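Novice: coordinates only, no sequence provided:
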């Protein structure tokens, strides 16, 4: 049995199976709805139910969906199932550069595991007999054996490579998923995953120059985006700032230096913040937002900024960019949430939508 759910203000109607969440059905039919944690914790996917009846899932956090909001007819699409045909209203706008590719399920075989830094491995999955369509910056949900919820990891390769996917995965202390990947996953194993997810993609419908900030394994998305732009022959100015603690952690440095030599419109600026910076390093030092500020003379007006990395790095970059006259509408980042992150997100100011 299924129900029809009409999404306003888009005026789009989707089919939702009776055991399926509204969000899952929308994403699998190529309709984007705002979301982040996917588990009822952060409240990003909150919508108004204008007509019809719903079952609000038990996983909906009382902090993400307050009692008075339930009484007003709001719900979280990530854990709500329809009990009749519905009309809902979401805070969503049509994006001219969004491809809205339907989410699909895949199985990939591990063909290579490469140690990129002392704490980051590159996992390469080959999808046999199929192709994964995605926009650079998007991510996949990997199903880890023994864990109830999938783990999100960004695709690090160009979207022109559709059969071999690269995921750069940092070992998180105490993290069940990354510990299993680092210690148990082997070449030849298979992994189930679904993709593509996320609303972090290139805005290419205008010619604004772009700056990218990548730190730690968060370099994956900027790497995919930069490769995407350069392979398409995009002629705009492109700058990549990569932050790391030391040379051991500065992975793919040779690749980006080679790209900078090959493409006159691409500039690569790595920066090391320490401790333990190797004596042979003669490049910029300091946190990457400080390195970028000095490199640009404190002026980012007219640029678009894409950020992916540790939360402290993102916060510092946003503060620096705002002081450098860049508006919120020109800043973009992907959001991955654990429970602690989601609680912090629910307390965030509603004045900011992208950041």
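Specialist: That came through, no problem. The structure presented is a predicted model; accordingly, all values stated were derived computationally and were not measured.
Novice: now do the helices in the chain.
Specialist: Assignment of helices within the chain using DSSP state H yields the ranges 22-28, 67-71, 176-183, 220-231, 253-262, 288-296, 311-323, 339-345.
Novice: helices and strands around the fourth one, which ones?
Specialist: Right, the one you point to is helix 220-231. Packing partners of helix 220-231 (3 or more CB pairs under 8 Å, 6 or more residues apart in numbering; DSSP states H and E): strand 151-154, strand 164-170, strand 210-215, strand 238-244, helix 253-262, strand 304-308. Where you see a C-beta, it was placed from the backbone N, CA and C, and this is true even at glycine.
Novice: I'd like the ones you listed as a markdown table, with mean pLDDT appended.
Specialist: Compiled in a markdown table, the helices and strands packed on helix 220-231 are given as follows (pLDDT from 0 to 100):
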| stretch | mean pLDDT |
| --- | --- |
| strand 151-154 | 94 |
| strand 164-170 | 97 |
| strand 210-215 | 97 |
| strand 238-244 | 98 |
| helix 253-262 | 98 |
| strand 304-308 | 97 |
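Novice: got CSV for the ones you listed, with distance to residue 1 too?
Specialist: Converted to CSV, these look like this (distance: least, CB to CB, whole Å):
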stretch, distance to residue 1
strand 151-154, 30
strand 164-170, 35
strand 210-215, 46
strand 238-244, 50
helix 253-262, 51
strand 304-308, 40
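Novice: buried ones in stretch 90-107?
Specialist: Neighbour-count burial for stretch 90-107 flags 90, 92, 101, 103, 106 (criterion: 16 or more other CB atoms under 10 Å).
Novice: lowest-confidence entry in those?
Specialist: Among the buried residues of stretch 90-107, residue 92 carries the lowest pLDDT, at 91.
Novice: quick check: that residue vs residue 82, distance?
Specialist: Separation of residue 92 from residue 82 (CB to CB, to the nearest Å) stands at 18 Å.
Novice: can you check residue 219 too?
Specialist: The spacing between residue 219 and residue 82, counted by CB to CB, is 40 Å.
Novice: repeat for residue 258
Specialist: In terms of CB to CB, residue 258 sits 52 Å off from residue 82.
Novice: so which of the helices and strands packed on helix 220-231 is nearest residue 198?
Specialist: strand 151-154 (7.7 Å; CB to CB).
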